[in-house]
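*Asks:* Quick one: sequence and predicted model below, then my questions.
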Amino acid sequence: MTYAFPPGGLPSQNENPESTAIFTPAYAVIPASVQRDIVTSFLPGWHGMRMWVLARPMTGFAETFAQYAVELAPGGGTSEPEPDRSAQAVIFVAFGELRLSIGGARSTLTSGHFAYIPAGAVWEIWNTSDAPAGFHWLRKRFEHIASLNPLEAFTIHETDVPKSEMPDCDGVWATQRFFDPFDLRYDFHVNIVNILPGGRIPFAETHVMEHGLYVLSGTARYLLNKDWVEVGPGDFMWLRAFCPQACIATGDEPFRYLLYKDVNRHVSLEIAGRR
């Protein structure tokens, strides 16, 4: 398996600056072509790192989550990654090898590994190899329910997660669910969606769940609100709640993307940003 990641670098001066980047009130597309060196960010307490911020809570954009693509040089990492004790996290490794410690329990993560880190956990992450490593990091504030048992950290490789075929699609559309969809302790899900060439989401999904989609491999035509856009490896899409969406996989390899969505909680009766 290969998993896309921001390319970095800088296009030559001969390149046309026009791109496929789109920003609207209903959705955004941040293509891999604009994920370059000059738009990276850095964090205090980290060593040998840089990252691309793909989504963050803000008016008119993502409301429930933040999503980063983090690159670590050899020896890079941190023992203090998360300043917000209410923030839970998912890490998905795109390339390289990482050492993740959660509450003193150490795991070695390689390309394709997934890790869930509960809110309030003490954790650290380091690149202990002699080559760069990259991972996707999703953060969401945990919405605690007192009657539900606490969540525990876990790691798993995506090849050990079975594909659940969607009904009546002859196996061309399947989802790998890292969280049990019936476990209401989780207030968000991160899945890998797999669509074979020619397969499709055959209706315009219109629902309350906000989405972040990072294309891991393959190509597709994606319906976002009223627009069909061409997307490929490394492209990121943000979809606001109720933004219509559908997909037709193109090319000659499976179209796969890492999908975030918020689930399993009452909707707030306050308008964001208004009290």
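*Replies:* On my side now, so go ahead. Numbering: from 1, shown residues only.
*Asks:* beta partners for residue 141?
*Replies:* In this entry, residue 141 is beta-bridged to residue 87, by DSSP bridges.
*Asks:* Make sure it is actually in contact with residue 85.
*Replies:* No: under the criterion of CB atoms under 8 Å, residue 141 is not in contact with residue 85, lying 9.9 Å apart. The way it works is simple: take the backbone N, C-alpha and C, and place the C-beta from them, glycine included.
*Asks:* between those two, who's got more neighbours?
*Replies:* For the pair residue 141 and residue 85, the greater number of neighbours falls to residue 141 (17 against 11), based on other CB atoms under 10 Å.
*Asks:* Could you measure from the more buried one over to residue 196?
*Replies:* 36 Å (CB to CB, to the nearest Å).
*Asks:* can you map out the strands along the stretch 151-275 of the chain?
*Replies:* Under the criterion DSSP state E, counting those that start in this stretch, the stretch 151-275 of the chain contains strands at 154-157, 163-165, 173-177, 188-195, 200-205, 211-217, 219-224, 227-231, 236-239, 245-250, 255-262.
*Asks:* Would you format those strands as a markdown table with mean neighbour count and mean pLDDT included?
*Replies:* Output for these, formatted as a markdown table (neighbours: other CB atoms under 10 Å; pLDDT from 0 to 100):
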| stretch | mean neighbour count | mean pLDDT |
| --- | --- | --- |
| strand 154-157 | 14 | 98 |
| strand 163-165 | 13 | 96 |
| strand 173-177 | 19 | 97 |
| strand 188-195 | 21 | 98 |
| strand 200-205 | 14 | 95 |
| strand 211-217 | 23 | 98 |
| strand 219-224 | 21 | 98 |
| strand 227-231 | 16 | 98 |
| strand 236-239 | 25 | 98 |
| strand 245-250 | 20 | 98 |
| strand 255-262 | 23 | 98 |
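*Asks:* Out of these, flag the one nearest residue 104.
*Replies:* Closest to residue 104 of the strands of the stretch 151-275 of the chain is strand 154-157 (CB to CB; 14.4 Å).
*Asks:* I'd guess residue 77 is in a strand, am I close?
*Replies:* Yes: counting by DSSP: H, G, I helix; E, B strand; the rest coil, residue 77 is found in a strand.
*Asks:* pretty sure it contacts residue 70?
*Replies:* No: look at residue 77 against residue 70 with CB under 8 Å: they stay out of range, at 9.6 Å.
*Asks:* Would you mind telling me which of the two has more residues around it?
*Replies:* A direct count of neighbours by other CB under 10 Å for residue 77 and residue 70 places residue 70 higher, at 28 against 22.
*Asks:* Need phi/psi at that one.
*Replies:* Residue 70 adopts backbone torsions of phi -110, psi 130, taken as degrees, to the nearest 10.
*Asks:* Start at 19, not 1
*Replies:* Taking 19 as the first residue, the last one we looked at is residue 88.
*Asks:* Look up how far residue 198 lies from it.
*Replies:* Distance check for residue 88 against residue 198: by CB to CB, it reads 27 Å.
*Asks:* Identify the residues contacting residue 266.
*Replies:* Residues counted as contacts of residue 266 (CB atoms under 8 Å, 6 or more residues apart in numbering) are 216-219, 238-239.
*Asks:* ok, back up a step: of all the strands of the stretch 169-293 of the chain, which one comes closest to residue 32?
*Replies:* Comparing the strands of the stretch 169-293 of the chain against residue 32 with CB to CB, the closest turns out to be strand 245-249 (22.6 Å).
*Asks:* quick one: which helix or strand includes the residue of the chain positioned farthest from its centre?
*Replies:* Largest separation from the mean C-alpha position in the chain: residue 32, at 32.0 Å (CA atoms, centre = their mean). According to DSSP states H and E, residue 32 maps onto no helix or strand at all.
*Asks:* what do you get for residue 87?
*Replies:* Taking DSSP H and E as the criterion, residue 87 maps to strand 84-96.
*Asks:* Having no further points to raise, I will conclude here.
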